Each structure stands twice: as C-alpha cells, then as structure tokens.
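Novice: coords please:
(3 chains)
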Amino acid sequence: MIRKFFDIVANNAVPAIFILISAFAIPLSGFSASYLVQELLTRIGRNSFLILSLLIPIMAGMGLNFGMVLGAMAGQIGLLFICDWGVVGIPGMVLACLIGTPIAIVLGIFCGHILNRAKGREMVTSYILGFFINGVYQMVVLYLMGWVIPITNPTLLLSRGYGVRNAVSLMGIRGVLDNLLPTVIAGTEGAKQFLNVNGANTYLLLQIPCLDGAIRLPLATFIIIALFCAFIIWFRKTKLGQDMRAIGQDQGVSHSSGIPVNRTRIIAIVISTVLACYGQIIYLQNMGTLNTYNSHDQAGMFSIAALLIGGASVSRASIANVFVGVILFHLMFIVAPMAGKNLIGEAQIGEYFRVFVSYGIIALALVLHAWKRNREREAARRSMRGDK
Amino acid sequence: MKLKITLALILVCAVFSGAVFAEDAAFHIGVVTGTVSQSEDDLRGAELMIQKYGDSANGGMITHITYPDNFPSEQETTISQILGLADDPKMKVIVVNQAVPGTAEAFRRVREKRSDILLLAGEPHEDPGVITEAADIATHTDHIGRGYTIPLGAKKMGAKTFVHISFPRHMSYETLGLRRAIMEEACKDLGIKFVFETAPDPTSDVGMAGAQQYILENMPAWIEKYGKDAAFFCTNDGHTEPLLRQVAALGGYFVEADLPSPLMGYPGALGIDLSKEQGDWPAILKKVEDAVVKAGGGGRMGTWAYSWGYTTTAALVEYGKRYVEGTFTNKLGTAQSLKEMRIAYDEFCPGAHWGASYFIDAATGVRNSKFILLRQDTYVLGGDYLGLADVEIPEKYFSIRMTPPAK
Amino acid sequence: MFVAFLKFLMRWFQRLVLVAALIALGIWLFYIGREHQIFLDNKTFGDFKALEQVNVSINNGETVELMPRERDMKKVVGPKFEIKAEVFDDKGEISNTITKTINLCFSKDIMINLPAFAGGAENFIVPSPK
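Specialist: All right, here's what the predicted structure looks like:
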C-alpha cells in the first residue's frame, strides 16, 4: 500500500512539485486571471510544435534530441531569405518552411550519421553538435550572406555590405498564422471594449459571460498543432513507426529482425529536425523579431525542459507530457519573476528565483528518472527471483 | 487525467490572484533594468527613483523589474516581463534601460493592449529603425560623435596607438559596428594607428569568467606589442574591469568605457570600497580618482563624472513622469522634446556638460527625431576635463558606413 | 532485372516530379506573396508637366494627395494592383480620372510618373530609386 503511494508520487514527482510551486507563486505575482490565461494560450501556440518534434527520437530510443537546434537554424535561414525577397503573409511563411526543409534534411542526415557512431551517448553528442553547427551558422550569416550568398535588402544587411544585422524585423509575417482565424473569448464587457478597439468584422467571438477582459485565441496555430498530434498518433501505427519503437526497445533484437537500424535512426532524426524547423518558424512568426545570432540558442533547452517537466522521461514521452509540460514550465516563467520580487522586495531576486527553480527542477527530473530506472530494474530482478 | 487536474488547479489559483495592493499614487511608472551582474548602474538609477517616488507595492509610483542576465537567448522572458507591466491598469510610463533585443516587440504588444502608455527606451540594442517604430523616444550614447571624440581624447592624453577590443556579436550591432568604422577613420585623420583585437563574448560558452580571464592574460602581450603609449577601448562592460586593472598596473591609456561611469570597472579593478558614498557622485569620483592615482594610473585613465546608465534610468523616468503630469508639453519627436530630454538629464548631473543631437541614418540622410544621441565630457582621473562635449564633429563622420574589421 | 531497373527509374522519376512540384510551389508563393513598393512621382516628365494636384489610391485604399514635385510610396502585396488617379485642375475640381490595372510580374519596385500616367502615355513607368 505504502509502496503503491510511494510509486505514484515518485512517477509524477516533477509535475507535482511544479504545480505546488505555481500554486504558491500565482497569487504572489499579482497578475490578473485573464492576463495569465492569455499569456499561457499564446505560449502554448508558440512552443508546442517545437516540443512535439522531440517525441519521435524518444520513440526511437535516441533520447532527448538536443540537435533540434539544427532545425531551428535551418528555419531561420529560410526566414532570412523571405525577408530579403520581401515575401509576406502566409505565402511568406510557407516559403520559409519550403526553403528551410532541404537545409534541415541535410543537417538532420549529418546529425543522424554522427549519432549512429555515438550509440548510448546520443544526448551529449547532439548537445555538442548543436554548438558546432551554431558556429557554422554564425559564419554563414555573418560573413557569407551578402557576399557569396545573394542577400541584397539593405534593412537586413550591415552597412558594410555583408553580414546580417543582429535583430531582423519580421513585420511581414508577424502574427500571420496566429491571426489567420482570429478568435476572441470575452465576457460581455470585455467584448464591447475589444470590438471598440479592434473592429467587429474580422473576429469570431466566443462568449463566456463572467470573464473580465478579452482573450485572444490563435485558432489557426492550434489547428496546426492538433494536426501534428494526429500525425504523430498515425505515425506510431505505420511500419516505420513500429520499426522505431522496436529499435527504441532493443537495438539488437530489431537488427536481427531485419530492421535497418542505422537508417531508421537517421530518418527519426531527420523528421525531428525538419519539424523543429517548422516549429521555429511558428515560434518566430509569433515573436515578430528574429535575433539572428541568438533566437535558436534556447530552442532545444527550453523544449526539453518543458517535456521533462510534463512528466516525460528520456525513454518515454507522450503527447500529454508535451501539453502539461508547456503549461507548467511557462506558467513558472510568467509568474516566478514577479512572485520572487513581491516576496523579497528586490527586483533582481525574481529573475534568480525563476532561473533557480526552473533549472533546479530539470536537474531533479533527470535525477528522478535515473533513480526510477534503477528501481524498475530492482523490481524486475526481484520478480525474476520470485520475491514479492 | 493529469491534464485535467493541472488545469483545475490553475483555474482555482487564477481566481484567487486578483489581489489588489493598496495604491495611493496617481499613476505608476514601470522600470525595467538588468541585474547587478549585467549592468549595475542602470539598476541603481532605478533604486534612486524608488527612493524618490516610492515603490508601487507600498503606494508609490515605481514598479521595478529586471530582464534576464542571459537576455540574448531569453527573448521570450524579456517580452513577457515588459508585457506584465501593462497588466497594471494604473501604468502610464514604461522605461527600459538597457532596451535589449525583444524590447521593440514587447512595446508593440503593449501598444496593442494599452495605447495610453508612454514607452521610453534607453541604450537600445536593436537598430534605430526597429526600436523607434515601437517606442516613443529612445536615447543612446552618441556613438557617432564618440567615434571621433574618443580617439581625439586618446591623442590628447598622449597615445600613439588605439586598440579596439570587441567580438562578432557586438560588431553586428549597427551602432557599435559603425562607431568602430568611425574610430578607424578618425585615427587615420588624427595620425594614430588603429588596431582591432578580438576577445571572447561573455554570453558564449566561456562565460563572463572566461572572457575576463582572456583580457587579463593577453594585456601584457598587447602592451608588449603596441607599447605603453597605446590607448585601449572595449565594447563590453564585463571586459572593462580586467582591462582597467591591467592598464593601471602595466601602462597604456584608457579614455573611457563604452557606457562610462566612475563605477564602471574601477571599483572592482582597484578594490575600492564605495559603500559609504552611495549616490553621491562627486564623492565617488574623488575616491576613485585617489585610488587610480595611488595605483599609478593618474593622468592615463578617464571616465564620465556621472554614470551614463544611472543617469539614463533616472532621466527617462523623470521625463516620463513630467510628460504624464503635463510639465513637459511638447510633441514627441520635435526639437522641443530634445531640449526637455536634456533638462531631464541635467537634473541628475549638476556641473556636468551634455551634448545632444538627433540620429541621422547614414544610408538615407533622413533624420530620426525619436532617437536622441547624448554624450558627456570626459574627465581624466588625476587630471582634468578634456573638453570633448563641446567639440564640433566634422561633417564627414556622419556619412561613414561600417567597414570590415581590419585584420 | 529489367523490372527492377524500371522500378528504380519510376522511383527516381517520382522523386524528380515531387521536387519539381515543390520548386514550382515555391516560385508561385514568391510570385503571389511578394511585397512591392510603388513609388508615386509627381514630377515633370518630358512633355508632361507636373500636375497641380493629384489624388492617388491603390486597390481602393487610403488616398494620397500629391502636390507638384512630391513623391510618396505605397506597398502592395502580389503582382497585380489597381491604381486610380484623380487629377485636379486649377479650380480644384476633378478634371480627369484614370484607372488602370498593372501587373508587376517578377520585378520588385516600380515608380510611376503621374503626369505621364494621367496624360495617357505608354511609358509612365520610370526607374525606381536605389
């Protein structure tokens, strides 16, 4: 009985701790309910795609794919081209995806080959690979663009004639996907106020009477995310998906069964990289500004952190983990700085508090996972011996 | 199941979060600065204003928050922080110093939500065109003027070589990269040799410690190579402290830091205890000067008498407050607003001399009247003012474009 | 053997078709999604004198008033746009209204000389600034 209770707590320790801390921090931060819900909905729309792209490598037993940052860089190169050509709106976004895809495929194949030579150490290898490709990317963007690679738009280039500026405005595609099917959830008062400011015709309205203020819903983005979830569920049932799951369980047995292990692993990484490319484009169309040299830095780290906080482990992750993770992780991001500040009275402490809590929890998640693995092995050994 | 529990808990907490603090001030001013590890002066300026006008949590005017230390990679957090200020119905002014990447986007979102808030950006990292689309006014150190006056100051102090220390991320900033190009041209005109040296970026994997170590270790070699009559200049605040220490100990000149202040690098480099002189700038300057002379750097090292970061935070808050109250009435972006911004700056720098002008885009020649450039006169520790604030900048420097770093 | 080779060829052919389709899609998106700058110039051009006042609207959008020697710029998305120019005479009344649909194809920016355009000339498109 106690063991069962202990098991439940141990299996869900990380989300539980996060929920506890959030419950404590939300009232402290002083934010209004509509602000929190709005921010959370925005962040779910912005980040979910990136986190979902991590699921396939985990299924294939390759751990957490830190190499998704390669896909993010490919997406950013696509965006630089459409900014140069001046292609805007949905065509701009789709074109950026189209340009980023071959780059992401090439990078994914490269990453996959390297990871095949580092079986068992995929996570660390992909992390370091991310740094390496970051250096290549910076060289391409700071020196080759405008010189060897034809980029001509003066608002993009530094005034020396080559090299891209550190902040590129994405006004052309800003909010293009989010506002494709603009939906608003508002109370009666909030609805009136919102319509006064934004005009009646272009917005679908869902009304919840007692709500204070108006909440924007990026419906088109959510639909794309839902389609992606459906894709993942379908993919698991295909032959390729089953092959990946088999490899994830045991590589030796899969190889004996005739599954081309190395090739399938590369395909898993390529899919993940390409999806990360699209995810980064969705992320950046919401942000509205591209930090040419830094936007992709934390793409991997934050997505993986969110996934772990959602209760996933290095060897098993589900779609529910993704959404629970993104809600909890980003809720922490939103409320912790203000909560820390109000608690202690010093503005800086809030920032340190957020960093401490967020990364501390990730460390805890990894430790708990290792501990759980050991316990499972113990339990397996015990059952083999015939003990209870 | 887990999802349902999570959502239920969040809704419960959200309902209880409509806490209302006792508010006595007529309106609130939001101030966003870095932490002490990033840029201490900006934060101390905010603390001065909290002292002057009260913290909004206690019924005063100022709400002070910070942006992440690792701001280049955490743009989401920066935007979220600034946007959080707009959630307060009494907020009327938002000041961000330094306006790190993400500020323009945050301002755009604040505007969408609340068009009545005045948005002021101090020392923007984003291009003038980008930040002025979103902010009402941006102030920046006069990188064009200083591209000429800093080498001029070096020459006045006796330097024959000018060593510019930076790294790719900073050189990709239009403002900093352009200043480097102007410095190179100015050195040629003034007859001193210009050299570019690379040092690691503190936000890269070596971190602040690694970057500072690099400067400490390479300075002896640079002094050896360029001589003791070389002037050194670095673009990063973190690099300044080790640079100052080595200049004092080994020789060479240091005109002023990128964002000059008596507190920029000097206290840490020379081990000066300034806890008793907090907020009293003339006293701070005296103590720093004594320490520099004692360490053998007298007449070779300079700074601005009043800190740029500190003054900017305070001046922008003051400007915002007076604008909302109606004391400053002139339309933003006109010549009168330039005058009023100078009044706000002079308020916090009794005795110091400021030069101000509008930014002119080198490519189009168009004047951007929402982007104000300011510079203060340089004071040589153990010496005197160099008279640089009144120097007329020759026309040619306004049409210089960035050129690649000389290798 | 032959069947295997045929299968091999078929697979590569299918891939080629797919890649070609994607490239075509890319070009089409480029064509319909590009944002162009339309410069409106009210300056004397050859025999056509600068107009006293001309009101121009693009795609029935906001109207721009141009006095002699003035230049303005409007942005359009997509290759085709409709431009309507209302020319005012000295008395302040509309003397002439011209509407035309222009197709930019793959060029980026254009400058329309309004006196030439209002005068019915064929070559009213002049080289655009830098």
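
Novice: show me how far the longest helix seen in chain C is from its chain's centre.
Specialist: In chain C, taking DSSP state H as the definition, the longest helix is helix C:2-33. Helix C:2-33 has its average C-alpha position 31 Å from the chain's average C-alpha position, going by CA atoms, centre = their mean, to the nearest Å.

Novice: close to chain B, is whichever helix or strand comes after that helix?
Specialist: Where DSSP states H and E defines the elements, the next helix or strand beyond helix C:2-33 is strand C:35-41. No: using CB under 8 Å from any CB of the partner chain, strand C:35-41 never reaches chain B; the gap is at least 13.9 Å. Yep, even glycine has a C-beta here, placed from its N, CA and C like the rest.

Novice: quick one: the strands in the chain?
Specialist: Using chain A here. In chain A, the segments counted as strands under DSSP state E are A:167-169, A:182-186, A:204-207, A:214-218, A:289-291.

Novice: to clarify, I was referring to chain B.
Specialist: Here chain B has its strands, by DSSP E, at B:28-33, B:62-66, B:91-97, B:118-122, B:137-141, B:161-166, B:193-198, B:230-234, B:253-254, B:301-304, B:354-360, B:367-376, B:378-381.

Novice: mind giving me the packing neighbours of the second one?
Specialist: Put plainly, it is strand B:62-66. Under the contact definition 3 or more CB pairs under 8 Å, 6 or more residues apart in numbering or on different chains; DSSP states H and E, strand B:62-66 sits against helix A:319-344, helix A:347-385, strand B:28-33, helix B:36-53, helix B:75-85.

Novice: roughly how far is the last one from the heart of the chain?
Specialist: Per CA atoms, centre = their mean, the displacement of helix B:75-85 from the mean C-alpha position of its chain is 20 Å.

Novice: what of the second one?
Specialist: Distance of helix A:347-385 from the chain centroid (CA atoms, centre = their mean) equals 20 Å.

Novice: any idea of the angle that helix forms with helix A:319-344?
Specialist: Helix A:347-385 runs at 140 degrees relative to helix A:319-344, counting by axes from the mean of the first three to the mean of the last three CA atoms, to 10 degrees.

Novice: got the angle between helix A:347-385 and strand B:28-33?
Specialist: 60 degrees.

Novice: so is helix A:347-385 next to chain B?
Specialist: Yes: using CB under 8 Å from any CB, helix A:347-385 reaches chain B at A:347, A:348, A:350, A:351, A:352, A:354, A:355.

Novice: measure the most centrally placed residue in chain C to chain B for me?
Specialist: In chain C, the centroid-proximal residue (CA atoms, centre = their mean) is residue C:104; its distance is 3.9 Å. Distance, residue C:104 to chain B, by CB to the nearest CB, to the nearest Å: 24 Å.

Novice: ok, that residue touching residue C:35?
Specialist: No: taking contacts as CB atoms under 8 Å, residue C:104 lies outside contact range of residue C:35: 10.9 Å.

Novice: residue contacts, residue A:152?
Specialist: Residue A:152 sits next to A:84, A:146 when contact means CB atoms under 8 Å, 6 or more residues apart in numbering or on different chains.

Novice: lowest average pLDDT across the strands of chain B?
Specialist: Between the strands of chain B, the one with the least mean pLDDT is strand B:354-360; it has a mean of 82.

Novice: contacting residues around that strand?
Specialist: The contact list for strand B:354-360, computed with CB under 8 Å, 6+ apart, reads B:128, B:140, B:142, B:144-145, B:338, B:341-342, B:345-346, B:366-369, B:371-376, B:389-390, B:398.

Novice: same thing with stretch C:101-118?
Specialist: Stretch C:101-118 has contacts (CB under 8 Å, 6+ apart) with A:86, C:31, C:34, C:36-46, C:48-51, C:54, C:56, C:66, C:79-83, C:85, C:87, C:96, C:98, C:100, C:123-129.

Novice: show the buried residues in the residues you listed.
Specialist: Neighbour counting with 16 or more other CB atoms under 10 Å in any protein chain shown marks A:86, C:34, C:36, C:38-43, C:45, C:48, C:50-51, C:54, C:56, C:66, C:79, C:81, C:83, C:85, C:87, C:98, C:124-125, C:128 as buried within these.

Novice: ok, now how distant is residue B:302 from residue A:343?
Specialist: The gap separating residue B:302 from residue A:343 is 42 Å, by CB to CB, to the nearest Å.

Novice: low-confidence ranges in the chain?
Specialist: Since you didn't name a chain, this refers to chain A. In the predicted model of chain A, residues A:10-11, A:159, A:187-205, A:209-213, A:387-388 satisfy pLDDT under 70.

Novice: meant chain C, my bad for not saying
Specialist: Those would be C:129-130, if you go by pLDDT under 70 across chain C.

Novice: what are the boundaries of the helices in the stretch 101-250 of chain B?
Specialist: In the stretch 101-250 of chain B, the segments counted as helices under DSSP state H, counting those that start in this stretch are B:103-113, B:128-134, B:143-157, B:168-171, B:174-190, B:207-226, B:237-250.

Novice: ditto for the stretch 51-200 of chain A
Specialist: For the stretch 51-200 of chain A, the helices defined by DSSP H, counting those that start in this stretch occupy A:55-59, A:68-85, A:89-116, A:122-139, A:188-198.

Novice: which non-adjacent residue is nearest residue 67?
Specialist: Defaulting to chain A. Spatially, and ignoring its direct neighbours in sequence, residue A:67 is nearest to residue A:126 (3.7 Å; CB to CB, 6 or more residues apart in numbering or on different chains).

Novice: meant chain C, my bad for not saying
Specialist: Computed as CB to CB, 6+ apart, the closest residue to residue C:67 that is not its neighbour in sequence is residue C:53, at 6.1 Å.

Novice: so who does that neighbour touch?
Specialist: Residue C:53 touches C:65, C:66, C:67, C:87, C:88, C:92, counting by CB under 8 Å, 6+ apart.
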